[in-house]
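Undergrad: Fold the following for me, if possible:
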Amino acid sequence: MFPWLLLALSVCTRPGTAVSPTVPPRHMDSVLDILDALESPARGGSLGTAAALWRELGVCSTPGCRAVLGETPGTPERPPALTLGQWQLLTELLRHDPVTPELGVVLAPDGSTLALGPLLAGIEAGLRSGGFGRPLPTLDPPVDPLLAVTIAEALGTSFLLAGGGDNNATALGPGGCWDDAENPQNYTLRGPPSPVPDPVAIGAMDGVVLGARLARGPLPVVELIQGYYGTGNGSEAGRPPSSYRRRDFGALAGQGRLEKEVAAVLGLLRTLSPTPEFLRDVGAQEVAAVAHRAAREFSERYVECPTIMPRCLWGAQPYRGTPALLRPPLASVFLHHTLEPSQPCRTFGACARAMRDMQSFHQDTRGWDDIGYSFVVGSDGYLYEGRGWHWVGAHTKGYNTQGFGIGIVGDFTATLPDPDTLALVRDELLPCAVRSGHIWPNFTLRGHRQLRHTDCPGNALFQEIQSWPGFQGTPVALGLG
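TA: The predicted model follows:
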């Protein structure tokens, strides 16, 4: 089985066992504490010490990664700088063990869940490309080391295995849920896993972005990661750079380059002895077709479409009634502003709190079964799942079965959301909803006020959306129920 899959299937305790209270939570802040201890000269550590240790623990255990970064240095022992709990967490996150495939992912302060293995492999490739540590080998056929150790090998392998398996085999996804976003210990995928579930894709994208930064010049890994994700469960005031991962990854490894590198790394794997089983009897034409399909589908899912934070991550209460099923594709999208909260949320922590507050208001004060919106848009770069793609919402009375209700957090009577938030809806969410078959290509976009006596979505935002594709300017059925 492909090792990234084993690193990221889920994170949960074995039946009949308890998590030791000395083991830190599976949060990036815990990883930063560990790396800080390993890098600290005062404790006898260094950046090289940290990189060697995570390699020994199994960060680079696939054939392609070993060809690029070299064989594992040796058998690790616990450094004196780490507590027993920190050592247990690190070994669980990084050590490849087919018997316990529930290991390998952490929750970042921006709310994203990522596999630590491809992130650290990308960081090492970037460091060595930038002249820190041993030079990278010259390979034939040539491959980009950074893409090879993060995503290209995993992607090519996944699509080859899915293509050669049964009709239900998938090559990408799924995502999953944590037991507790404040104290994450257990992570469970929400469907049958592929070799590239969402956390592996996210960890690989971040490995490319941070590895490319290190290739321009080394700096402490703790400083790099902390500056990228932020700290403290997303409690800071500003949007972290990690929320731009899709844009930044796309700029570094667009679909054309990714396709080229997937084909190159599969070519590299064919030269190894023994050749991996899944590549036997696979010709050059099939490799090219797999690389094309893998790059296209990866880009559509992880670069061109926005991240949707699932209900389980923002702490949703259960639906109180029996949800009614939507029948997509739908013809309409209805845009709202939340009004309360009146200020945009710019971090995962703030947006998750806003979602819980709105759900409580909709359920407890208005008596609805659930939060009314289909999706809510934060100014942290993410969408938040409300009723979602499949269930009738309570956002636009009289029209809830005809379209999706999208709410943007804030009061946009006099001011607009920031340009990135507007682009998230206009340029990412709406085209993605068309491609995925949730709305018709000739959908109509309306502001809430066009269907009800209300100021929603605010004068400033309503003026803005009149220039968007799909906007239908004629008010319809004002004053209905």
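Undergrad: what about the helix or strand hosting R245, distance to the chain center?
TA: Per DSSP states H and E, R245 falls inside helix 245-252. In terms of Cα atoms, centre = their mean, to the nearest Å, the gap separating the centre of helix 245-252 from the centre of its chain is 13 Å.
Undergrad: can you check stretch 456-476 too?
TA: Counting by Cα atoms, centre = their mean, stretch 456-476 comes out at 31 Å from the chain centroid.
Undergrad: Over to stretch 147-162?
TA: Counting by Cα atoms, centre = their mean, stretch 147-162 comes out at 17 Å from the chain centroid.
Undergrad: What mean pLDDT does that stretch get?
TA: Mean pLDDT, stretch 147-162: 95.
Undergrad: that older thread, quick check: next helix or strand after the helix holding R245?
TA: Moving toward the C-terminus from helix 245-252, the next element (DSSP H and E) is helix 255-271.
Undergrad: So which residues make contact with that following helix?
TA: Identification of contacts with helix 255-271 by Cβ atoms under 8 Å, 6 or more residues apart in numbering yields 63-64, 67, 139-144, 147-148, 151-153, 155-156, 160, 253, 275-276, 279, 282, 287-288, 290-292, 294-296, 298-299, 303. Any C-beta I mention is one placed from the backbone N, CA and C, and that applies to glycine too.
Undergrad: before we move on, back to that, next, the angle from the helix holding R245 to helix 255-271.
TA: Note on geometry: by axes from the mean of the first three to the mean of the last three Cα atoms, to 10 degrees, helix 245-252 and helix 255-271 are set 70 degrees apart in direction.
Undergrad: okay, now the domains of the protein?
TA: 3-304, 312-465 (automatic domain parsing).
Undergrad: Which one, of the ones you listed, ends up nearest to Q472?
TA: Set against Q472 and scored by Cβ to Cβ, those come closest in domain 312-465, at 4.2 Å.
Undergrad: returning to that earlier point: just the buried residues of the contacts of helix 255-271.
TA: For these, a burial check counting by 16 or more other Cβ atoms under 10 Å picks out 63-64, 67, 139, 143-144, 147-148, 151-153, 155-156, 160, 253, 276, 279, 282, 287, 290-292, 294-295, 298-299, 303.
Undergrad: before we move on, back to that, need the domains of the chain in a markdown table (columns: distance to F471).
TA: As requested, the domains of the chain are exported to a markdown table (distance: least, Cβ to Cβ, whole Å):
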| stretch | distance to F471 |
| --- | --- |
| domain 3-304 | 22 |
| domain 312-465 | 5 |
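Undergrad: lowest-confidence stretch among those domains?
TA: domain 3-304 (a mean of 86).
Undergrad: where's it relative to the chain centroid, distance-wise?
TA: 12 Å.
Undergrad: tell me how far the ends of stretch 39-50 are from each other?
TA: 6 Å (Cα to Cα, to the nearest Å).
Undergrad: From the centroid of this structure, which residue is nearest?
TA: Nearest to the mean C-alpha position of the chain, counting by Cα atoms, centre = their mean, stands I202 at 4.4 Å.
Undergrad: Now name the helix or strand holding the closest residue to that one other than its chain neighbours.
TA: Spatial nearest neighbour of I202, chain neighbours left out: L114 (4.3 Å); criterion: Cβ to Cβ, 6 or more residues apart in numbering. Taking DSSP H and E as the definition, one finds L114 inside strand 113-115.
Undergrad: Would you mind pulling up the elements that the helix or strand just after that strand packs against?
TA: Per DSSP H and E, the first helix or strand lying C-terminal to strand 113-115 is helix 116-129. Contacts defined by 3 or more Cβ pairs under 8 Å, 6 or more residues apart in numbering; DSSP states H and E place helix 116-129 against helix 3-8, helix 47-56, helix 63-69, helix 84-94, helix 145-147, helix 198-215.
Undergrad: What ranges does the stretch 351-481 of the chain have for its helices?
TA: 419-423, 430-435, 459-465 (DSSP state H, counting those that start in this stretch).
Undergrad: Return the alpha-carbon coordinates of the last one using CSV.
TA: By that I understand helix 459-465. The C-alpha coordinates for helix 459-465 follow below in CSV (Å, rounded to 0.1, in the frame of the first residue of the first chain):
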residue,chain,number,x,y,z
ASN,A,459,-26.2,48.2,-1.0
ALA,A,460,-22.4,48.0,-1.7
LEU,A,461,-22.4,44.2,-2.3
PHE,A,462,-25.5,44.3,-4.4
GLN,A,463,-24.0,47.0,-6.6
GLU,A,464,-20.9,44.9,-7.0
ILE,A,465,-22.6,41.6,-8.1
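Undergrad: how about T396, what does it touch?
TA: So T396 contacts F334, H336, G403, G405, H448, L451, R452 (Cβ under 8 Å, 6+ apart).
Undergrad: In those residues, find the pair that's most separated.
TA: Taking Cβ to Cβ as the measure, the contacts of T396 span a maximum distance of 13.5 Å, between G403 and R452.
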